[in-house]
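In: Make a model of this:
(one chain, ligands or ions: 1)
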Amino acid sequence: MDKLVINGGARLEGEIRISGSKNAALPILFAALMAEGDVTLENVPGLRDIHTTLKLLTLLGCESGFKEKNVEIRAGQLTFQAPYDLVRTMRASVLCLGPLLAKIGKAKVALPGGCAIGSRPVDLHLRALEQMGAKFELDSGYIIGNCSKLVGAHIIFDFPTVGGTENLLMAACLASGTTVLENSAREPEIVDLANFLIACGAKIKGHGTSVITIEGVSKLSGCTYRVMSDRIEAGTYMVAGAITKGDVLLTNCPFEELESVIAKLREMGVFIERQKNGVRVKVDNELNCVDVVTLPYPGFPTDMQAQIMALMCASQGSGMVKETIFENRFMHALELIRMGAGIKLSGQTAMIRGGAQLTGAPVMASDLRASASLVLAGLRARGKTEVQRIYHLDRGYESMEKKLSGVGADIWREKE
Ligand code: UD1
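Out: A predicted model of the protein is given here:
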């Protein structure tokens with residue numbers, strides 16, 4: 001197992017290129033299952049979750065190749081079983097449910113099970129697919145779904161679930177008739193998935209709003225599609241620039257999609273400007289703590305909560321972070337406290353007393369974004385920080401230590 005070692009204190013200066021979005025690429029890869037003909041995806045990040053998905057797609061009957069950010073996929077004779085060994089390492093595997101049911105009327109997918117950031121059930125996915133005519137049973141830890149042909153339905157989600165909206169959006173493309181998804185999630189990754197499906201011949205309207213209408217078509221064809229840039233990776237490097245009082249230019253960087261994050265960072269005192277060749281992030285003075293509440297898009301993303309908490313720990317004043325999307329998503333807080341941060345937890349709320357001098361320590365990451373927040377704190381801390389178990393980071397950040405050392409951080413990877 002690898003760890004990242006950081007000697008804190010260096011000011012980051014220079015350019016960081018943002019990779020393609022993991023959370024957009026994953027559903028798009030699963031959607032490619034349904035296409036007849038070759039799909040070429042550009043700007044795909046080289047991450048562990050992407051490799052896991054390609055393995056799963058191979059097991060399900062697709063041929064694929066990955067070369068220099070481009071993935072080529074051709075669906076062949078599909079099978080229907082997503083085994084536990086792969087699903088347990090990546091919850092997003094549940095996204096093969098909708099495409100398999102739509103394409104071959106059968107899916108057997110291991111239940112993702114418990115996850116470090118809460119229970120994360122898939123009941124909303126299943127209930128909505130049932131409304132379209134699928135039947136489910138649970139057998140030995142597997143969800144087994146069957147249907148003859150999915151039929152369009154009027155679905156109102158209890159909660160704007162990202163994965164649930166994606167599963168239903170994909171399934172509805174090949175269903176007979178019209179499907180309306182109400183209270184659906186509005187995340188930019190859903191818009192990217194819809195645009196990919198449209199490029200394959202799907203008929204979708206309203207993506208990016210809470211009501212999506214899909215008119216089923218008889219087949220989807222292949223296409224070439226460029227995946228959007230990763231807004232969470234970009235937000236993480238904005239915080240990296242800010243926490244080291246640095247001056248960085250993020251290229252290939254989303255901007256509108258990061259509005260709520262940029263607004264909070266500006267409120268803290270960070271200079272952020274969209275320039276011709278990228279987004280510039282600069283800090284000269286001390287920053288101030290703010291209050292942050294995570295919400296579905298366009299609210300502040302839960303996937304940036306851990307990172308902004310690290311920044312607040314190194315800022316002046318006091319602030320509050322309230323997590324409303326996931327239970328149990330404060331594990332980074334306990335590790336940040338070990339680095340000297342002033343944090344008090346009460347249920348889903350963290351009170352942060354800024355102004356602490358962070359000091360390096362061996363810390364352990366429990367999930368992807370928690371790991372990122374510990375790296376960020378390590379960049380600022382006095383002395384040496386060792387972030388252990390970085391396989392979480394490798395699931396979602398492409399070459400993080402290379403990108404950071406490229407702008408002046410003293411960071412390297414070691415075998416534990
Ligand atoms: C996706 C993202 C993840 C992000 C999250 C919220 C991917 C691969 N992952 O996860 O990075 O943190 O959106 O922005 O894109 N819920 C239910 N029943 C369901 C489905 C969800 O109760 O059937 C609950 C979950 O437990 C959670 C909340 O709804 O509390 C949000 O989950 P959801 O929006 O579905 O997140 P994911 O799609 O899993």
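
In: contacts, neighbours, all on C-alpha from now
Out: Fine.

In: What are the boundaries of the helices in the chain?
Out: 22-31, 48-59, 84-87, 97-104, 123-131, 162-173, 188-199, 231-243, 259-268, 305-313, 331-338, 368-380, 391-396, 400-405 (DSSP state H).

In: Mind telling me which of those the model trusts least?
Out: When these are compared by mean pLDDT, helix 84-87 comes last with a mean of 84.

In: And the ligand, is that helix touching that?
Out: No: if you take Cα under 6 Å from any ligand atom as the test, helix 84-87 misses the ligand, and the best it gets is 12.4 Å.

In: Break this protein into its domains for me.
Out: Structural domains assigned to the chain are 2-19+230-415, 22-226, following automatic domain parsing.

In: nearest spatial neighbour of the residue of the chain most remote from its centre, skipping sequence neighbours?
Out: Distance from the C-alpha centroid of the chain, by Cα atoms, centre = their mean, peaks at residue 148 (32.7 Å). Counting by Cα to Cα, 6 or more residues apart in numbering, residue 148 lies nearest to residue 105, which is 5.7 Å off, once chain neighbours are set aside.

In: what about the one you found, distance to residue 95?
Out: Using Cα to Cα, to the nearest Å, residue 105 is found at 15 Å from residue 95.

In: Neighbour count: the two, which is higher?
Out: Shown here are residue 105 and residue 95; by other Cα atoms under 10 Å, residue 95 has more neighbours (24 against 18).

In: and that one, what does it touch?
Out: Neighbour list for residue 95: 27, 30, 163, 166-167 [criterion: Cα atoms under 8 Å, 6 or more residues apart in numbering].

In: that older thread, mind putting the helices of the chain in TSV, mean neighbour count included?
Out: Converted to TSV, these look like this (neighbours: other Cα atoms under 10 Å):
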stretch	mean neighbour count
helix 22-31	25
helix 48-59	20
helix 84-87	16
helix 97-104	26
helix 123-131	19
helix 162-173	26
helix 188-199	22
helix 231-243	27
helix 259-268	18
helix 305-313	27
helix 331-338	20
helix 368-380	27
helix 391-396	21
helix 400-405	18
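
In: Spell out which parts of this structure neighbour the ligand.
Out: 23, 92, 119-125, 161-164, 302-303, 325-326.

In: again, only this time at 8 Å
Out: Residues of the chain lying close to the ligand by Cα under 8 Å from any ligand atom are 22-24, 26-27, 91-92, 118-126, 159-165, 185, 187, 189, 296-297, 301-303, 324-327.

In: Contacts only, for residue 4.
Out: Residue 4 touches 386-388, 390, 401, 411-414, counting by Cα under 8 Å, 6+ apart.

In: Among those, which are located in strands?
Out: Cross-referencing the contacts of residue 4 against strands under DSSP state E gives 386-388, 411-414.

In: which two from the residues you listed end up farthest apart in space?
Out: Using Cα to Cα, the ones in strands among the contacts of residue 4 reach their maximum pairwise distance at 388 and 411, which is 13.2 Å.

In: Compare these two (neighbour count), which wins?
Out: residue 411 (25 against 22).

In: List the beta-bridge partners for the more buried one.
Out: For residue 411, the beta-bridge partners are residue 6 (DSSP bridges).

In: what do you get for residue 81?
Out: residue 108.

In: Retrieve the pLDDT associated with it.
Out: Confidence score, pLDDT, at residue 81: 89.

In: now residue 139
Out: Confidence at residue 139, expressed as pLDDT, is 88.

In: ok now do it, which residues does it touch?
Out: No contacts exist for residue 139 under Cα under 8 Å, 6+ apart.

In: That one pairs with what?
Out: Counting by DSSP bridges, the residues bridging with residue 139 are residue 142.

In: ok, it to the ligand distance?
Out: Residue 139 is 18 Å from the ligand, where distance means Cα to the nearest ligand atom, to the nearest Å.

In: likewise residue 316?
Out: Between residue 316 and the ligand the computed distance is 28 Å (Cα to the nearest ligand atom).

In: So what's the residue count around that residue?
Out: Neighbours around residue 316, by other Cα under 10 Å: 18.

In: what pLDDT does the closest residue to the ligand within the stretch 251-400 of the chain get?
Out: Closest to the ligand within the stretch 251-400 of the chain is residue 326: 4.2 Å, counting by Cα to the nearest ligand atom. Note on residue 326: pLDDT of 92.

In: any idea how far it is from residue 347?
Out: The gap separating residue 326 from residue 347 is 12 Å, by Cα to Cα.

In: Residue 297 contacts residue 187, correct?
Out: Yes: taking contacts as Cα atoms under 8 Å, residue 297 lies within contact range of residue 187: 5.3 Å.

In: between these two, who's got more neighbours?
Out: residue 187 (23 against 18).

In: what residues are up against residue 160?
Out: By Cα under 8 Å, 6+ apart, the contact list for residue 160 reads 183-186, 296.

In: what do you get if the cut-off is 10 Å, keeping everything else the same?
Out: Neighbouring residues of residue 160 by Cα atoms under 10 Å, 6 or more residues apart in numbering: 124, 181-187, 210, 296-297.

In: I am finished for the moment; much appreciated.
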